[in-house]
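Colleague: Any chance you can model this:
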Amino acid sequence: QVQLVESGGGLVQAGGSLRLSCAASGRTFSSYAMGWFRQAPGKEREFVAAISRSGISTRYADSVKGRFTISRDNAKNTVYLQMNSLKPEDTAVYYCAAGQYGSSWTFYNYWGQGTQVTVSS
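Modeller: A predicted model of the protein is given here:
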């Protein structure tokens, strides 16, 4: 089992940057692909980015491509989401997840509690 704890959320102006971190417990972190999802008020949870177990492969939602970068450090059991050029529509609760590599939330078995990101215009 994996426990995930996100951090790094906050309030930022449009055009700014934030770096989210997700720390995982346990010794099997490198056995899991990792993903970031987000959910805005009144909307469904949506895929943001995913990274394979080794970190070689990554995948992004079209809405964040070129602005967000997912990375992982298997030695530190941590996955990151660097978010640049933030827009008000990026405002949401961001969740990290562990599971199989893919863009559907159904691929992921373990979820963090979420961290709020608010982008002001």
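Colleague: those strands in this structure, which residues are they?
Modeller: Secondary structure of the chain (DSSP state E): strands at 4-7, 10-13, 18-24, 33-39, 46-51, 58-60, 68-73, 78-83, 92-99, 108-111, 115-120.
Colleague: now the third one and strand 92-99, what's the angle there?
Modeller: To tie it back to what came earlier, the one meant is strand 18-24. Orientation note: strand 18-24 sits at an angle of 40 degrees relative to strand 92-99 (axes from the mean of the first three to the mean of the last three CA atoms, to 10 degrees).
Colleague: And stretch 87-95, end to end?
Modeller: 18 Å (CA to CA, to the nearest Å).
Colleague: Buried residues in that stretch, which are they?
Modeller: 90, 91, 92, 93, 94, 95 (16 or more other CB atoms under 10 Å). C-beta: built from backbone N, CA, C; applies to glycine.
Colleague: And these, which is closest to residue 80?
Modeller: Closest approach to residue 80 among the buried residues of stretch 87-95 (CB to CB): residue 94, at 11.7 Å.
Colleague: so where's the chain uncertain?
Modeller: Low-confidence segments of the chain (pLDDT under 70): none present.
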